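# Test case, fold it:
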Amino acid sequence: MTKNFIKWFYPGIKIKRWLFTSSIGVFVVGIGFVLANQPYRFISTLGVVWIICGIVIIVLGVGKMIVSLLTLFLPEGERDLVNILYKRRYLERGPKIVAIGGGHGLSHLIYSLKEYTSNITAIVTVADSGGSSGRLREEFNIVAPGDIRNCLVALADAPALMGELFQFRFSKDSQLQGHNFGNLFLTAMVQLTGGDFERAVKESSNVLAIRGKVVPSTVENVHLVAEYMDGTQTQGEAKIPNPNTRIKHLSLTPQEVRPTQDALKAIDEADVIILGPGSLYTSVIPNLIINKMSEAIARSQAFKIYVCNVMTQNGETDGYSASDHVYALVEHSDPKVLDVCLINNASAPQEALVRYEHENSFPVAGDIEKIRGMGYKVVATDLLGVTDYVRHDSTKLLRALIKIIESNRIIRR
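The predicted model follows:
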């Protein structure tokens, strides 16, 4: 024990200097008390000044000593400490937001939201059947890990390299070609946890030190089934887009699918529920058609926002206006799953739209009055971001969502 105590005074510990500073402060305070008790007014006043100076020196020494100890555990030192205090103390007072969806739309949304509140729960679809996720589903009989992985990385507070590692995709000249490291990691974690996918996601969340929670909408190995207007059916998320006919109805197989308890709890406790943005039939609706999920959302006292897509999706929402999106959403769930629809009213540059015309993708028409006629509020604003893609601008979308949330008195800072 004595040996451990002596180690505090070893060179390079950066404790001695601040301990010495605090000792000087105590000494100055002591002299100040002596002077303050003198009968001469000038000397007693000087004593008070010495006491104040001593206290300042003590506070400085103790404060620096605490910071010196804490920054030993932080890779970027004192700057990181300030960020952690901000995240833990300020952001944890933000509203409880549940974001429901999948694909890149959900991950981009929660990446922005984590700068507004740390009380985020992403409820993620697990019905993906294409690419790396589809191959892993077939081989290991697990739910699709791809969208879960994207959301974990989006909420990660771990070093950037860790996020890049989880998103790393193996090259074509490898036996692992097309596979993503994060998907393989989640698959391995499922095996380590005895097939418990929920626990695997929680353990992966700890590895990435995420801000908030990522929750699968279900842990049952489900597949999407689309029924089209021409009477045909298709099974499997990757096969659903069909440019020749519209989707009439979407369902799951098996039908008796249960949501996770974490998802239901998050919905029940939420201040705000956000649906979308993302592929209407393959990212958003798959969560709502799980048994008891729509009922839980409708029953929740949360304020519910649907973020409508900026562009139509070939084979999925061809010719859809904003009201068509809302109608399909409500038709597959419950009229009470949303309170307000957030839509884009800005026009994309013509040169950007030409690229999309080749993919039969066009701007979603914002037929506001039709949505209002369905009994929902509408907020139409500029949400457009144009780079290589025409999509929601994350900053504009976050600003619009914050305005809606705060105007409805959801904020509790």
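# Do a quick rundown of the strands in this structure.
For the chain, the strands defined by DSSP state E cover 97-101, 120-124, 213-216, 223-228, 233-235, 247-253, 272-275, 303-307, 340-344, 377-381, 384-386, 390-392.
# Now the weakest link among those, please, by mean pLDDT.
Comparing mean pLDDT across the strands of the chain, the weakest is strand 384-386, with a mean of 86.
# What lies in contact with it?
Strand 384-386 has contacts (C-beta atoms under 8 Å, 6 or more residues apart in numbering) with 310, 344, 346-349, 352, 390-394, 396. For the C-beta atoms, the positions are set from N, CA and C on the backbone; glycine is no exception.
# Highest neighbour count among those residues?
The residue in the contacts of strand 384-386 with the most neighbours, by other C-beta atoms under 10 Å, is Asn344 (29 neighbours).
# That one touches Val378, doesn't it?
No: counting by C-beta atoms under 8 Å, Asn344 does not reach Val378; the two are 11.6 Å apart.
# related to what we said a few turns ago, closest one to Ile66 out of the contacts of strand 384-386, please.
Nearest to Ile66 out of those is Ser394 (C-beta to C-beta; 36.4 Å).
# residues contacting that closest one?
His108, Leu109, Tyr111, Ser112, Gly385.
# From these, keep the buried residues only.
Buried members of those, counted by 16 or more other C-beta atoms under 10 Å: His108, Leu109, Tyr111, Ser112, Gly385.
# which residues does the last one form a beta bridge with?
Per DSSP bridges, the residues bridged to Gly385 are Arg391.
# Switch the buried ones among the contacts of Ser394 over to a markdown table, and while doing so, append distance to Asn314 to every line.
Output for the buried ones among the contacts of Ser394, formatted as a markdown table (distance: C-beta to C-beta, whole Å):
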| residue | distance to Asn314 |
| --- | --- |
| His108 | 20 |
| Leu109 | 22 |
| Tyr111 | 26 |
| Ser112 | 26 |
| Gly385 | 20 |
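# before we move on, back to that, a markdown table for the strands of the chain, including distance to Pro145?
A markdown table is the format used below for the strands of the chain (distance: least, C-beta to C-beta, whole Å):
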| stretch | distance to Pro145 |
| --- | --- |
| strand 97-101 | 16 |
| strand 120-124 | 10 |
| strand 213-216 | 9 |
| strand 223-228 | 15 |
| strand 233-235 | 20 |
| strand 247-253 | 18 |
| strand 272-275 | 22 |
| strand 303-307 | 24 |
| strand 340-344 | 29 |
| strand 377-381 | 34 |
| strand 384-386 | 28 |
| strand 390-392 | 24 |
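# out of these, nearest to Glu331?
Glu331 sits nearest to strand 247-253 of all these, at 8.2 Å, using C-beta to C-beta.
# Quick one: work out the angle between the closest one and strand 223-228.
Counting by axes from the mean of the first three to the mean of the last three C-alpha atoms, to 10 degrees, strand 247-253 points 160 degrees away from the direction of strand 223-228.
# and strand 247-253, how far from the chain's centre?
Centroid separation for strand 247-253 versus its chain: 27 Å, with C-alpha atoms, centre = their mean, to the nearest Å.
# Could you do stretch 302-320 as well?
Worked out by C-alpha atoms, centre = their mean, stretch 302-320 lies 20 Å from the chain centre.
# same question, stretch 187-200
Distance, centroid of stretch 187-200 to centroid of chain: 22 Å (C-alpha atoms, centre = their mean).
# which other helices and strands contact the longest helix anywhere in the chain?
Ordering each helix of the chain by length in residues (DSSP state H) puts helix 41-70 first. The elements that helix 41-70 packs onto, with contact taken as 3 or more C-beta pairs under 8 Å, 6 or more residues apart in numbering; DSSP states H and E, are helix 16-36, helix 78-85.
# can you put those in JSON lines and add mean pLDDT and mean neighbour count?
Putting the helices and strands packed on helix 41-70 into JSON lines (pLDDT from 0 to 100; neighbours: other C-beta atoms under 10 Å) gives the following:
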{"stretch": "helix 16-36", "mean pLDDT": "84", "mean neighbour count": "16"}
{"stretch": "helix 78-85", "mean pLDDT": "55", "mean neighbour count": "12"}
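# mind giving me CSV with those and columns for distance to Ala298?
Below are those laid out as CSV (distance: least, C-beta to C-beta, whole Å):
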stretch, distance to Ala298
helix 16-36, 57
helix 78-85, 38
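# Nearest to Ile58, out of those?
Of the helices and strands packed on helix 41-70, the one closest to Ile58 (C-beta to C-beta) turns out to be helix 16-36, at 3.5 Å.
# That closest one vs helix 41-70, what angle?
Going by the same axes, to 10 degrees, helix 16-36 makes 160 degrees with helix 41-70.
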